[in-house]
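Q: Model the structure of this input:
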Amino acid sequence: MSKLTKKASSNKLGSLVKAFRRYYIPFVISIILLIASVVLTILTPGTIRELTNAINPKDKPIVDGLVVLDLALVLKLAIRLVIYISLSFITGFVSGFILNTIIQKFSKDLRRDIAAKINKMPLNYFDTTQFGDILSVITNDVDTLSTSLQNSISLLVNSVVMLIGVIIAMFIASWQMALVVLCSLPIMLIIILLTFKKALPLFNENQKVLGEVNATVEENYAGQLVIKAFNAEKLKISEFKKKNDLLGSILYKSQAWGGLIEPAMQFVSYLTYAAVLITAGLLIAKDPVKFDMGIITGFIVYVSLFQEPLAQIGQASSTIQLGTAACNRVFDFLEKEELPVEEQKEFLLDHSKIRGEVEFKDVCFGYDPNKLTIKHFSGKIKPGMKVAIIGPTGAGKTTLVNLLMRFYELTSGDILVDGVSIKDMTRAELRDIFGMILQETWVINGSLRENIVYNLKNVDENRLNEILEETNLSHFVSTLPQGIDTVIQKESALSAGQKQLVTIARAMTENAPMLILDEATSNVDTRTEILIQKAMDSLTKGRTSFVIAHRLSTIKNADLIFVMKDGNIVETGNHDSLMKLGGLYSEIYNSQFN
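A: Next up, the predicted model:
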């Protein structure tokens, strides 16, 4: 692992600890109970040793040929052993219950933070990141991190306490045999460190490729209609197979390295047992009085307890490394740059008195800073004007609207609304001014009413019925089981045209002072378009509106038409003046009607 990767992992671990701070108190209680459980477990071998000596016939009085045992002592030791085991179980159970509760609440907090983060991210992040990869962070990575924390925290604390306690107990019982056992510790640590070093980069790559696989599945699911229409099933299966095979290969290698720990640890454990028994035999042969069977019995348990935490770490190494990789992805997302906070800004315009004057002043913008999409665009729109923006595909029409709504920030220049720079306004205020009907339709899983009155309260029922009539949705609503309150469980319940009618009704319900229509009728039939156009004309009357259209019949009555090409306005005027000019507008118009 490179120094840069180590530093990044360390930073993410710090972020994890910081995010976990609200659970410090219950976490400490859980750890204390866990330590108590481990200590009680460590005390058990000493009691077993005493019990072994109490029932060992060696040096016990014999009466009538029978060995006389101190039954009271045996009972006392047996009760103590039961108490230790019972208390160890109870404290371990309570500790695990508290810890698991904390981890589940922490995972819930992470999902909540991710959901909140999504709404704070700039639009260009979603334009450059696959949806499936984002979903993988929310689902797979959070679950993997949760599972890893659930298993590794208790395991690591248990292992550390157990190792320290057992080492102390072994030295008390026999320092010679303790030294023999300790000789195996460096070997085990080297095995763990080497496998971690080899496997961790593979687990990081595994989570990344898993996100890509999820993105491919999401893309194939969303594009089933196109895939089937073009008989591309085999192509898509082949593409998925390549990614899936890559994921399988990486996972195989990572699990192989992670799985190497357990057999290697077992091998070292068996060697340690053999070394302990040989040492015990030599010590008994040298001093049979001092080294009794109780020491050997207890020491075998100590060796098992000493090896157990290291073996557990080895067995859980795959989970720990997957958790580390998932942690990196989750906190990498949470630490992405957000949209600037605008709490210090106040609303600058009285929305009830907005005139609708918009001015573009030498606007420049490029998705790539080194390549401008819009170059030195200037124009002034008077209040109440209907402004049409037309031009070839890729001319910058939608980009201009995105800048007006501050979905992207200007590279240079300025846009003024009623004389106020949009840079000085909050995004919330600016977007309250505009109602938008986008080319890309979007509906939520909810009732039709919820889709139309989206994020609005106290919508007048009579006005809502009028909007349904104006958008030609009333007949469709009348066919639904619960009318406008019918739940739309999935997008396929509506046709493309119906979804666009819903988005138009949504904008009409908002009744914003200004309007933006980006190909608002591209998915409806000609007859419905004529009906909607009448409603849109009524809606835009007295409002400044921006209309992006390819069908020039819908914008013939526009007060001002901007003709764009390669990010520049090449022609300006109304329909009649542009037709007389005989330029690009005339060429496009004639191509549609001749």
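Q: Please make it C-alpha for all contacts and neighbour counts, starting now.
A: Will do.
Q: And the protein, what are its domain boundaries?
A: Following automatic domain parsing, the chain resolves into domains at 9-334, 351-593.
Q: where among these is the average confidence lowest?
A: Considering the domains of the chain one by one, the lowest average pLDDT is found for domain 9-334, at a mean of 78.
Q: Now the residue lying closest to Leu145 once chain neighbours are set aside: which helix or strand?
A: With sequence-adjacent residues excluded and distances taken as Cα to Cα, 6 or more residues apart in numbering, Leu145 is closest to Gly323, at 4.5 Å. Taking DSSP states H and E as the definition, one finds Gly323 inside helix 317-334.
Q: And for the following helix or strand past that helix, what's in contact with it?
A: For helix 317-334, the succeeding helix or strand toward the C-terminus, using DSSP H and E, is strand 358-365. For strand 358-365, the surrounding residues in contact (Cα atoms under 8 Å, 6 or more residues apart in numbering) are 372-383, 410-419.
Q: go with 7 Å
A: Defining contact as Cα atoms under 7 Å, 6 or more residues apart in numbering, one finds that strand 358-365 is touched by 372-382, 410-418.
Q: these two touch, right, Gly356 and Met385?
A: No: with contacts defined as Cα atoms under 7 Å, Gly356 does not count as touching Met385, sitting 8.4 Å away.
Q: Please enumerate the shared neighbours of those two.
A: Residues touching both Gly356 and Met385 by Cα under 7 Å, 6+ apart: Arg543, Thr544.
Q: Mind checking which of these two has more residues around it?
A: For Gly356 against Met385, the residue with the higher neighbour count under other Cα atoms under 10 Å is Gly356, and the figures read 23 against 20.
Q: List the buried residues in the helix holding Gly323.
A: Of the residues in helix 317-334, those buried by neighbour count under the rule 16 or more other Cα atoms under 10 Å are 317-334.
Q: For that helix, which helices and strands make contact with it?
A: In this structure, helix 317-334 makes packing contacts with helix 3-19, helix 142-173, helix 184-222, helix 233-259, judged by 3 or more Cα pairs under 7 Å, 6 or more residues apart in numbering; DSSP states H and E.
Q: Direction-wise, compare the third one with helix 233-259 and give the angle.
A: Interaxial angle of helix 184-222 relative to helix 233-259 (axes from the mean of the first three to the mean of the last three Cα atoms, to 10 degrees): 170 degrees.
Q: what helices or strands is helix 184-222 leaning on?
A: Using 3+ Cα pairs under 7 Å, 6+ apart as the contact definition, the elements that helix 184-222 packs against are helix 131-136, helix 233-259, helix 261-286, helix 317-334.
Q: What of the last one?
A: Packing partners of helix 233-259 (3+ Cα pairs under 7 Å, 6+ apart): helix 184-222, helix 317-334.
Q: Outside of the shortest one itself, list whatever touches it.
A: By that I understand helix 317-334. Contacts of helix 317-334 with the rest of the structure, by Cα under 7 Å, 6+ apart, involve 9, 12, 15, 114, 117, 137, 141-142, 144-145, 148, 152, 200, 203-204, 207, 255, 258.
Q: and if you look at stretch 428-437?
A: In this structure, residues lying in contact with stretch 428-437 by Cα under 7 Å, 6+ apart are 347, 405, 503-504, 507, 510, 512-518, 520.
Q: show me where the stretch 451-594 of the chain has strands.
A: Listed in chain order, the strands found in the stretch 451-594 of the chain under DSSP state E, counting those that start in this stretch are 487-488, 514-518, 544-548, 560-565, 568-573.
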